[in-house]
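Asker: Requesting a structural model of the entry that follows:
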Amino acid sequence: MFASHDVYLKSVEIPGTTKKLPSYCFNQCKNLESIILNEGVETCEQNSFRNVNKLRTLKIPNTFNGYFDLAMENRATSSLRGNSRYDGMNIEQEKNETLCIFLKRDEKDFEFRIKRGACPIIRIENDQVIIYITDGPAIKMDCQTLKPGIYDINDGKLVALSNQNTKEDENNIQEIFKEAYKQIFEFDDFKKLPVKSKLKIKVIMYNLFLENYKITGKINNDFSAMEYMFNKAKKILIQEELNQSEVYQENFDKKR
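Answerer: Model prediction:
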């Protein structure tokens, strides 16, 4: 069943009777695109799926606890290995392909989309999931509080792409936000802002408020949460204004 260095293998489905996958069992399977682990598979050893550059689908069952190291083989062109041929893309093409990680925890289904070039290491311990990526912060998730749905992982951020929210949900959230937003009216930093900046702060804070709900399924509208979002919104606004100033200066210098 295991096939290290098999360049003709494109998909593999592991039955639940296999409790543990050994080290390097599918290492260097250069055309492997899909890995499906059925319920019953419990863990895998180190580097089980290392250098499977073309991996696009990984399905992880409820029963699995452990980690996947999905490092890529860093090569610039197609290469020979032994007597087998490798018919693949170059490394830059492979890095930009999307890897879809399907995860089952209890009755919840999650899909995490990430660039293959991020070379994720996925650690799973019951409901706790950590995804480490190349040149970025780790993404830590608690599946008990995370809403089921589809998420994009990019630049160290977890962004909800689809979940169970309805239009009615968002209307209710807007009303709750309006009431919670009134808490910042007494902040000294808020009072000092010009009207235009206050309007921008409100939009940024609502987007943060809504995104938090999409990810956690919970509405966090207490004073500390609103204060945190206000401070974060200020930083975002300052950065946006700085970027606009740099663009203006660059255009001005070109005209001189």
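Asker: How about residues contacting stretch 216-224?
Answerer: With contact meaning C-beta atoms under 8 Å, 6 or more residues apart in numbering, stretch 216-224 is reached by 145-147, 173, 176-177, 179-180, 183, 209, 212-213. Using the backbone N, CA and C atoms, a C-beta is placed for each residue, glycine as well.
Asker: tell me how far the ends of that stretch are from each other?
Answerer: Distance across stretch 216-224, first residue to last, is 17 Å (C-alpha to C-alpha, to the nearest Å).
Asker: go on, stretch 62-69?
Answerer: 19 Å.
Asker: buried ones in that stretch?
Answerer: 64, 66-69 (16 or more other C-beta atoms under 10 Å).
Asker: now these in TSV, with pLDDT, secondary structure and distance to Glu33?
Answerer: Shown next, in TSV, are the buried residues of stretch 62-69 (pLDDT from 0 to 100; DSSP: H, G, I helix; E, B strand; the rest coil; distance: C-beta to C-beta, whole Å):
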residue	pLDDT	secondary structure	distance to Glu33
Phe64	96	coil	20
Gly66	94	strand	22
Tyr67	90	strand	21
Phe68	91	strand	15
Asp69	91	strand	18
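Asker: returning to what we had before: nearest to Val129 among the contacts of stretch 216-224?
Answerer: Relative to Val129, the closest of the contacts of stretch 216-224 is Leu146; by C-beta to C-beta it sits at 8.4 Å.
Asker: per-residue confidence for the closest one?
Answerer: For Leu146, the pLDDT comes out at 89.
Asker: name the element it belongs to?
Answerer: Assigned by DSSP states H and E, Leu146 belongs to neither a helix nor a strand.
Asker: hey, what's Leu21 bridged with?
Answerer: Cys44 (DSSP bridges).
Asker: Is the residue nearest the centre of the chain in a helix, a strand, or coil?
Answerer: Residue closest to the average C-alpha location in the chain (C-alpha atoms, centre = their mean): Ile153, at 2.2 Å. Under DSSP: H, G, I helix; E, B strand; the rest coil, Ile153 falls in the strand class.
Asker: ok, it touching Arg116?
Answerer: No: using C-beta atoms under 8 Å, Ile153 is not in contact with Arg116, being 11.8 Å away.
Asker: returning to what we had before: who are the contact partners of the residue nearest to the centre of the chain?
Answerer: Residues in contact with Ile153 (C-beta under 8 Å, 6+ apart) are 112-114, 118, 120, 131, 133, 139, 159.
Asker: That one and Leu161, how far apart?
Answerer: 10 Å (C-beta to C-beta, to the nearest Å).
Asker: what do the two both touch?
Answerer: Arg113.
Asker: where does Asn62 land on pLDDT?
Answerer: 96.
Asker: from now on call the first residue 10
Answerer: In the new numbering, first residue 10, that becomes Asn71.
Asker: What's the local residue count around Lys28?
Answerer: By other C-beta atoms under 10 Å, the residues close to Lys28 number 10.
Asker: Oops, could you answer that again for Leu155 instead?
Answerer: Neighbour tally, Leu155, other C-beta under 10 Å: 21.
Asker: close enough to count as contact, it and Phe119?
Answerer: Yes: contact criterion C-beta under 8 Å: Leu155 and Phe119 qualify, at 7.0 Å.
Asker: I appreciate the help and will end here.
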